[in-house]
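Novice: below is the structure, and that's it, no one-letter string:
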């Protein structure tokens, strides 16, 4: 067998790290369900022509072939691994439209794969957590306000484990679209893609591209950049845009929607969601609100949670299914939290108790205690061997198990020891209960280093 | 875009079905954690030479290539999708040996892929739930008794949702090995593989194969079949084997271990685990206990939970990591439960309450009620539009949401209606709580059909 080593871009976690990831996933899941999102999982593969229908990501797709594939009898269609959860979900909606109830609120937490060059925060296999609401033919605007609020709530919940705060940046495609149209910039989609590069390449380069690639005059380029420079955490962005002196009904509609979104967001999750008219999102299919999320102090990571409104991602030729969705890059987030050491799990096993074994002939006695504890919801392990007691306690200590249970030796009662404090007391496995914070592994902010 | 349709062998569930699958996964997870198993996830891919090291499954592997792969600059190594969780876990153990504590108890719930021809109960993408205990250089026998008991507990727990009972069948490789050696059958592994086909091809065909393929004499073949015919739910299998008049120290050890396992199992999970000396498991790497599990009334499905003891699946060349593991075929089980209609979920959304909206200008009022309910752990949705009330109630009814909340119209209090009974009462969203059984979707046995 060849050498055993990690594969770049395919991260794996140790058990203690996995507890942190699970806590984050459980928090997302709980928040999604409180808002009435139902879970869906889709298969990992799609026919390659579905994956490539959006055009932009062709280079990233992993295709599948069977090792023993007969080249004379090829598969009916080439399959590829999905690179996001939006494309498979849109297919799922069309495929099951007759059995779903619209508007359909779903969440989906799965791995996705991209054959990209791995780098910091970019992986070839990673976990995404998406929520989308999809309507049949129509979808009310209020769902566009709900999406970032749901995510902001989950992120706020995660502050307690040491996750830094987030800044969610919102924009509305109608603003860019209406504004560009009104100033005579015909290449709306191209201009949006160029503006999407602004943070990366800066004002001057962006201006050059707007002129060279999108057919803008100097004045149009300056106007587009002036629009993109507007940001605010209150509705003052409206007057800032109006001050640019451009009037257009689509622009007007976008401003109203964005102001509405911000008002609702400020009420529910104050101080988290801000307007930033430079937020463009490269993808063509967005038609209304768009979202990006920065982790404060880790802005270099790029967006950890993005999405937007799309009017016609899914269609079966007869009906159109407009939607709005937002997606957390779970692996990107978890990887940074682990690497920066801000979050900690206080054990590497679910077990709260290790039952000691005096000798192998009495293992049944230790097992019986373990079963009594488990029956009451206390995760319990039994010592691997009847080693000397010091070694059994060290085994518990290394895993972070807080309690060691000593079975009765001679008809007496058993005792339980808190191996952190050394406190030891008589205890009955049918009634003893650890403090709530010891029942499960605790995910907490790391102690600050001094 | 090409036609949209299911891909054979890649099952997907509707939201209501996914609740059933999640309940099963959560039950497995909870049981595993109560026993002190920590969760691990491994990447979906392994270098192809690792996947093929066991030799037997080469035809089933899906290989990956990037769509835009430059044939002149190939990947350093060809990657394939894992076809089980044992191969990646053994690699994970060796890779992380210095950071794990042994014996290491881990569980793993992930999708796996096999390029097989799909048929009833056989999929190309399916979910497995595995537990394994791995030691460093050594692993005490008692873990071999623990494995099927943990699974039996989880299956017993699932009886309450309508899952049929299981029969777990156990054997010990040492019995076959010692017995075959003692009667002079040199091809032990080949004989085990042939006996593994017994249930499928019958006595006569098996006998022919033992003679033609494994070099057995007629007498040896008869003896091997006599051994394989022995089954019992108590320790009478020991005297049945002894009655065959074969003595061997390895056989003796196997009998003692299997009797020990059965004794412990009968105490913890009476009536579920039985000895069946025909259970062979085709794979070469098992060296002690082996397990298979039949769903009563669905024996045609094949084993839904299998595994065994392996002395040297993982090795880094210096150290050996013996282990014992058992794996649930979750998709196989879920698919059959869904198809046979024995289990039911009573809604297709997590929401327990739908808050009505009188008119769009008052949506904030409905949202505020929803937030008050969610803050107290009650999953709540808000009506998609301010449609007439009958339509809003029908929306709730279709999703199985039991309660519709009517916001106060004119400064009065709101009211909540149980749309199943029609009961309606004044209620305050900061104090009202539904009965526990309405808080989350209930997974229950389907009502018997008449």
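Specialist: Now that the structure is in, tell me what you want to look at. What you are looking at is a predicted structure, and each value in this text was computed from that prediction instead of being measured.
Novice: C-alpha from now on. contacts and neighbour counts both.
Specialist: Will do.
Novice: flag the shaky bits of the stretch 51-200 of chain A, pLDDT-wise.
Specialist: A:54-59, A:70-76 (pLDDT under 70).
Novice: so residue A:171 versus chain B, what's the distance?
Specialist: Distance, residue A:171 to chain B, by CA to the nearest CA, to the nearest Å: 22 Å.
Novice: before we move on, what about residue A:431?
Specialist: Distance, residue A:431 to chain B, by CA to the nearest CA: 17 Å.
Novice: which helix or which strand is home to that residue?
Specialist: Under DSSP states H and E, no helix or strand contains residue A:431.
Novice: burial measure for it, as a count.
Specialist: For residue A:431, the neighbour count with other CA atoms under 10 Å in any protein chain shown is 9.
Novice: from residue A:261, how far off is it?
Specialist: Remark: distance between residue A:431 and residue A:261 (CA to CA, to the nearest Å) = 52 Å.
Novice: and what of residue A:199?
Specialist: Distance from residue A:199 to residue A:261, counting by CA to CA: 24 Å.
Novice: neighbour count for those two, which is higher?
Specialist: residue A:261 (25 against 11).
Novice: which non-adjacent residue is nearest that one?
Specialist: Closest residue to residue A:261 apart from its sequence neighbours, by CA to CA, 6 or more residues apart in numbering or on different chains: residue A:145 at 4.8 Å.
Novice: does that neighbour touch residue A:259 like I think?
Specialist: No - between residue A:145 and residue A:259 there is no contact under CA atoms under 8 Å: 10.2 Å.
Novice: domains for chain A, by residue range?
Specialist: Chain A breaks down into these domains under automatic domain parsing: A:7-165+A:296-345, A:169-295, A:353-442.
Novice: now render the ones you listed as CSV, adding distance to residue B:69.
Specialist: Below are the domains of chain A laid out as CSV (distance: least, CA to CA, whole Å):
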stretch, distance to residue B:69
domain A:7-165+A:296-345, 8
domain A:169-295, 24
domain A:353-442, 44
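Novice: does the most centrally placed residue in chain A count as helix, strand or coil?
Specialist: Centroid check for chain A by CA atoms, centre = their mean gives residue A:328 as the closest residue, at 2.6 Å. For residue A:328, the assignment made with DSSP: H, G, I helix; E, B strand; the rest coil gives strand.
Novice: count of residues packed around the closest residue to chain B within the stretch 301-450 of chain A?
Specialist: Going by CA to the nearest CA, chain B is nearest to residue A:379 of the stretch 301-450 of chain A, at 3.8 Å. Using other CA under 10 Å, residue A:379 has 26 neighbouring residues.
Novice: report pLDDT for the residue nearest to the centre of chain A.
Specialist: We have a pLDDT of 98 for residue A:328.
Novice: state the distance from it to residue B:188.
Specialist: Per CA to CA, residue A:328 is found 53 Å from residue B:188.
Novice: buried stuff in stretch A:287-305?
Specialist: The neighbour-count check on stretch A:287-305 (16 or more other CA atoms under 10 Å in any protein chain shown) flags A:287-295, A:301, A:303-305 as buried.
Novice: likewise for stretch A:269-288?
Specialist: If you call a residue buried by 16+ other CA under 10 Å, then stretch A:269-288 has these buried ones: A:269, A:272-282, A:286-288.
Novice: then stretch A:101-115?
Specialist: So for stretch A:101-115, counting by 16+ other CA under 10 Å, buried means A:101-115.
Novice: just give me how far it sits from the chain centre.
Specialist: Counting by CA atoms, centre = their mean, to the nearest Å, stretch A:101-115 is centred 11 Å from the centre of its parent chain.
Novice: residues making contact with it?
Specialist: Applying CA atoms under 8 Å, 6 or more residues apart in numbering or on different chains, the contact partners of stretch A:101-115 are A:32, A:36-41, A:44, A:59-62, A:81-85, A:123-136, A:139, B:66, B:384, B:398-399.
Novice: what's the answer for stretch A:206-223, then?
Specialist: Here stretch A:206-223 makes contact (CA under 8 Å, 6+ apart) with A:183-185, A:187, A:190-191, A:194-195, A:197-198, A:225, A:244.
Novice: any quick ChimeraX command for the buried ones out of the residues you listed?
Specialist: If you want just the buried ones from these in ChimeraX, going by 16+ other CA under 10 Å, the selection is:
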select /A:183,185,187,190,191,194,195,197,198,225
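Novice: adding distance to residue B:10 and secondary structure, write the contacts of stretch A:206-223 out as JSON lines.
Specialist: Listed next are those as JSON lines, based on distance: CA to CA, whole Å; DSSP: H, G, I helix; E, B strand; the rest coil:
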{"residue": "A:183", "distance to residue B:10": "50", "secondary structure": "coil"}
{"residue": "A:184", "distance to residue B:10": "49", "secondary structure": "coil"}
{"residue": "A:185", "distance to residue B:10": "46", "secondary structure": "coil"}
{"residue": "A:187", "distance to residue B:10": "41", "secondary structure": "coil"}
{"residue": "A:190", "distance to residue B:10": "38", "secondary structure": "helix"}
{"residue": "A:191", "distance to residue B:10": "40", "secondary structure": "helix"}
{"residue": "A:194", "distance to residue B:10": "39", "secondary structure": "helix"}
{"residue": "A:195", "distance to residue B:10": "40", "secondary structure": "helix"}
{"residue": "A:197", "distance to residue B:10": "38", "secondary structure": "coil"}
{"residue": "A:198", "distance to residue B:10": "42", "secondary structure": "helix"}
{"residue": "A:225", "distance to residue B:10": "48", "secondary structure": "helix"}
{"residue": "A:244", "distance to residue B:10": "54", "secondary structure": "coil"}
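Novice: and of the contacts of stretch A:206-223, the nearest to residue A:357?
Specialist: Nearest to residue A:357 among these: residue A:197, at 63.4 Å, using CA to CA.
Novice: give me the contacts around the strand or helix carrying residue A:260.
Specialist: Taking DSSP H and E as the criterion, residue A:260 maps to helix A:249-268. With contacts defined as CA under 8 Å, 6+ apart, helix A:249-268 is touched by A:141-142, A:144-145, A:149, A:170-179, A:234-235, A:238, A:272-275, A:288-289.
Novice: tell me the buried residues in it?
Specialist: Across helix A:249-268, burial judged by 16+ other CA under 10 Å covers A:250-266, A:268.
Novice: same question, stretch A:139-154
Specialist: Using 16+ other CA under 10 Å as the test for burial, stretch A:139-154 gives A:139, A:141-154.
Novice: for stretch A:377-393, same thing?
Specialist: Across stretch A:377-393, burial judged by 16+ other CA under 10 Å covers A:378-386, A:392-393.
Novice: first vs last residue of it, how far apart are they?
Specialist: For stretch A:377-393, the first-to-last residue distance is 22 Å (CA to CA).
Novice: out of the contacts of stretch A:206-223, which is nearest to residue A:314?
Specialist: Of the contacts of stretch A:206-223, the one sitting nearest to residue A:314 (CA to CA) turns out to be residue A:190, at 22.4 Å.
Novice: the closest one and residue B:191, how far apart?
Specialist: 68 Å.
Novice: before we move on, what about residue A:144?
Specialist: From residue A:144 across to residue B:191, the span is 65 Å (CA to CA).
Novice: go on, residue A:345?
Specialist: 49 Å.
Novice: now swap in residue A:252 and tell me
Specialist: Distance from residue A:252 to residue B:191, by CA to CA: 80 Å.
Novice: contacting residues for the closest residue to residue A:273 other than its chain neighbours?
Specialist: Nearest non-adjacent residue to residue A:273, counting by CA to CA, 6+ apart: residue A:168, 4.6 Å away. Taking CA under 8 Å, 6+ apart as the criterion, residue A:168 is in contact with A:148, A:152, A:272-274, A:291-294.
Novice: before we move on, what about residue A:320?
Specialist: Applying CA under 8 Å, 6+ apart, we find residue A:320 in contact with A:136-137, A:311-312, A:314.
Novice: check residue A:314 too.
Specialist: A:90-91, A:93-94, A:320-322.
Novice: swap the cut-off to 10 Å and go again
Specialist: A:86-87, A:89-94, A:134, A:136, A:320-323 (CA atoms under 10 Å, 6 or more residues apart in numbering or on different chains).
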